[in-house]
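here is the input, now give the coordinates:
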Amino acid sequence: MFQIKYKHLLLSTLLLLSSTVFARQTPPTKSTVPRPKLVIGIVVDQMRWDYLYRFYNRYGSSGFRRMLNEGFTCENTMINHLPTYTAIGHTSIYTGSVPAIHGIAGNDFIDQRTGQSMYCTGDSTEQTVGSISPAGKMSPRNMLSTTVTDELKLATNFRSKVIGLALKDRGGILPAGHAANAAYWLDDATGNWITSTFYMKELPAWVRTLNAEKQIQKYLNQDWNTLYPISTYVQSDKDNSKYEGKFKDASGPVFPVKLTELEKKIGPALIRTTPFGNTLTLNMARATIEHEQMGKNSDTDFLAVSLSSTDYIGHQFGINSIELEDTYLRLDQDLADFFKFLDDKLGKGNYTVFLSADHGGAHNPIFLQDHKLPGDLWNASHCLKQINGILKEKYGRDNLVLTLINNQVHLNNPLIEQQKLDTEAIKKDCISFFQKQEGIAWAVDMEKIQTSSIPAEIKERIINGYNRERSGTIQLILQSGWYTGTSKTGTTHGAWNPYDAHIPLVWMGWGIKHGKSNKQYYMTDIAPTIAALLSIQPPSGSIGKVIEEVLK
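Coordinates of the predicted model:
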């Protein structure tokens, strides 16, 4: 009897000891979701993918090359909608969606019901904060989907701090989302950072102090000369080439650029078309992190930064100019300084950053022709007059086509309805006209696109970009190398082709693997990947997929 009791006691003791040892060896369950302190999204406006490598040998080790060497690069990231413009690109990155769903169908678009033009972030119900100019009458209300920044706010019961900033209003407002703490952009009238009553009633004291410093004058009270000897810019055409546009009243597009003289004629807006606009923006990013204590809170914060000057410089000087090359070499140094600031402020590995673009840019068509490559200019205003003349002769009414904005035929629907005209007949007449025009590859009736004989990849992008309430009823696709305009200098964008639609996507920091992939990904995959990284819901209109290779 004693032996039986002893055996039971010994067994109970062993079980107790083993459970204690097991408990000590089992790691404690984490009480918080693992997330970085801060996420920084950097959108470089009009950055083609090939700029990562076109100027690679001239980049330092701590900017673009640091991201490539420490982070993960998705080398074959494409835009999967048409057209390819700033507002759409920023919105698609942060919503994981496309114009058909998120509603931002262009920088400007047409309300198909009324025929009225709408600006992507225009909002007459709001007022400017920080200036008496109308530049702050803005909000994200025209965007019909949530952003990944909105979803972060929802996931943390609005404790996370979200701020967007850019020289362009749309570059700061749309990425920050509907629930942002703030968005800031540049007021051309004063050179100050401003915002809207959508976010606040008055600027924070630190923004007012920053504005009072007049940093913009520091950059405009100097010449813009090349960072390195001009003879070393072998990736660009000669200075003062015929493909470059000059500043107003300047003798030519040549270095050094006399910013002090130009500022007297142009005003503070001049900063936009210099590389110092990017420097000013990243200075504002540092100040925002510092004064808003971003990355120092209990929940993850998100700073959405858009660098706009690359777009202004690309438009004016073209993508083969020394001005553009110098801008990227200077931006590389600015990014290196910014990353060092983040390392010092938050600790290396405690933040996540991604860098992408809203769209690319085409080679100047005259440049292409001079090098025996296909390309030309398509005169939309001339064609608009022609088609309206044809339609007036047949239907007795003028202006049946309102505009060809976004390379789309926008019919005058109120007039057509009022006069009880045949919409289908008018569309057929338009398609017949445009298909005969030089430079037009396809003129597609959006209601019959499924039966159109165009490549499936292009068809999908057209469908993704078509918002029934805000897009034209006919999409025009230009031949490769062609773009809309009459200016023989500079460049633009908007097409499906790789020069406009192939964008960089590089990740670095917390939760990111090191490596690269040449698999095809899309702009819409960025937001769901961030959502997966943060363990939050993807945005409400997201159609993208998580890029699993990126995540640890």
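
how long is stretch 465-484 from one end to the other?
18 Å (Cα to Cα, to the nearest Å).

stretch 238-251 now?
For stretch 238-251, the end-to-end distance is 16 Å (Cα to Cα).

any stretches of the protein with poor pLDDT?
The chain contains residues with pLDDT under 70 at 1-31.

who are the neighbours in contact with the nearest residue to Tyr499 once chain neighbours are set aside?
Closest residue to Tyr499 apart from its sequence neighbours, by Cβ to Cβ, 6 or more residues apart in numbering: Ala362 at 5.0 Å. Quick note: C-beta positions are derived from backbone N, CA and C, even for glycine. Ala362 sits next to Ile319, Gly375, Gly481, Tyr483, Thr491, Thr492, His493, Ala495, Asn497, Tyr499, Asp500 when contact means Cβ atoms under 8 Å, 6 or more residues apart in numbering.

which outside residues touch whichever strand or helix holds Ile462?
Here Ile462, judged by DSSP states H and E, is contained in helix 456-465. With Cβ under 8 Å, 6+ apart as the test, helix 456-465 has contacts from 79-83, 88, 98-100, 105, 444, 446, 449-450, 452, 454, 471, 475, 477, 496, 501.

what residues go with each domain of this structure?
38-369+496-550, 376-479 (automatic domain parsing).

nearest to Thr32, out of those domains?
Across those, Thr32 has its closest neighbour in domain 38-369+496-550 (8.4 Å, Cβ to Cβ).

now the helix holding Ile462: buried residues?
Ile458, Lys459, Glu460, Arg461, Ile462, Ile463, Asn464, Gly465 (16 or more other Cβ atoms under 10 Å).

can you redo those as a markdown table with distance to Gln386?
Below are the buried residues of helix 456-465 laid out as a markdown table (distance: Cβ to Cβ, whole Å):
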| residue | distance to Gln386 |
| --- | --- |
| Ile458 | 25 |
| Lys459 | 27 |
| Glu460 | 31 |
| Arg461 | 27 |
| Ile462 | 24 |
| Ile463 | 28 |
| Asn464 | 30 |
| Gly465 | 25 |
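
list the buried ones in whatever helix or strand Ser432 lives in?
Per DSSP H and E, Ser432 falls inside helix 423-434. Neighbour counts over helix 423-434 (16+ other Cβ under 10 Å) mark Ile426, Lys427, Asp429, Cys430, Ile431, Phe433, Phe434 as buried.

and if you look at stretch 370-377?
Gly375, Asp376, Leu377.

how about the residue nearest to Ser124 when sequence neighbours are not counted, what does it touch?
Nearest non-adjacent residue to Ser124, counting by Cβ to Cβ, 6+ apart: Lys137, 6.0 Å away. Residues in contact with Lys137, defined by Cβ under 8 Å, 6+ apart, are Gly122, Asp123, Ser124, Glu126, Gln127, Thr128, Ser196.

most neighbours, which of the residues you listed?
In terms of neighbour count, Ser196 stands highest of those at 25 neighbours, by other Cβ atoms under 10 Å.

got phi/psi on it?
phi -130, psi 160 (degrees, to the nearest 10).

mind listing what it touches?
Contacts of Ser196 by Cβ under 8 Å, 6+ apart are Asp123, Glu126, Gln127, Thr128, Val129, Gly136, Lys137, Met138, Ser139, Ile173, Ala183.

can we see that at 7 Å?
By Cβ atoms under 7 Å, 6 or more residues apart in numbering, the residues touching Ser196 are Glu126, Thr128, Val129, Gly136, Met138, Ser139.

I'd guessed the fourth one sits against Trp193; true?
No. Taking contact to mean Cβ atoms under 7 Å, the distance of 10.6 Å between Gly136 and Trp193 leaves them out of contact.

can you list residues touching both of these two?
Gly130.

other residues contacting the helix holding Ser432?
So helix 423-434 is contacted by 387, 390-391, 394, 400-401, 409, 411, 416, 440, 443, 445, 473-474, 476 (Cβ under 7 Å, 6+ apart).

right, and the helix or strand after it?
strand 440-445.

before we move on, back to that, for the buried residues of helix 456-465, which one is nearest Leu551?
Nearest to Leu551 among the buried residues of helix 456-465, with distances taken as Cβ to Cβ, is Asn464, at 25.3 Å.

distance check, that closest one against Ala87.
15 Å (Cβ to Cβ, to the nearest Å).

helix, strand, or coil at Asp249?
coil (DSSP: H, G, I helix; E, B strand; the rest coil).

isn't it right up against Lys265?
Yes. Asp249 lies in contact with Lys265 (Cβ under 7 Å); the separation is 5.8 Å.

contact partners for Leu307?
So, once contact is read as Cβ under 7 Å, 6+ apart, Leu307 ends up touching Ile42, Val44, Asp45, Asn278, Thr281, Leu331.

keep only those of those that are in helices.
Asn278, Thr281, Leu331 (DSSP state H).

distance of Leu68 from Tyr53?
9 Å.

sorry, back to before: any of the contacts of Ala362 buried? List them.
Ile319, Gly375, Gly481, Tyr483, Thr491, Thr492, His493, Ala495, Asn497, Tyr499, Asp500.

my guess is Ile440 meets Leu478, correct?
Yes. Here Ile440 reaches Leu478: they are 6.4 Å apart, a contact under Cβ under 7 Å.

out of these two, which sits in the busier spot?
Shown here are Ile440 and Leu478; by other Cβ under 10 Å, Leu478 has more neighbours (22 against 18).

for that one, give me its contacts.
Trp378, Asn407, Gly439, Ile440, Ala441, Ala495.

the closest residue in space to the first one that isn't next to it in sequence: how many residues sit nearby?
Right, the one you point to is Trp378. Once flanking residues are discounted, Trp378 sits nearest to Gly439: 4.3 Å by Cβ to Cβ, 6+ apart. Neighbours of Gly439 under the rule other Cβ under 10 Å: 19.

against His371, how distant is Gly439?
19 Å.

then Leu167?
Taken as Cβ to Cβ, the span from Leu167 to His371 is 33 Å.

and Leu259, by the same measure?
From Leu259 to His371 the distance is 32 Å (Cβ to Cβ).
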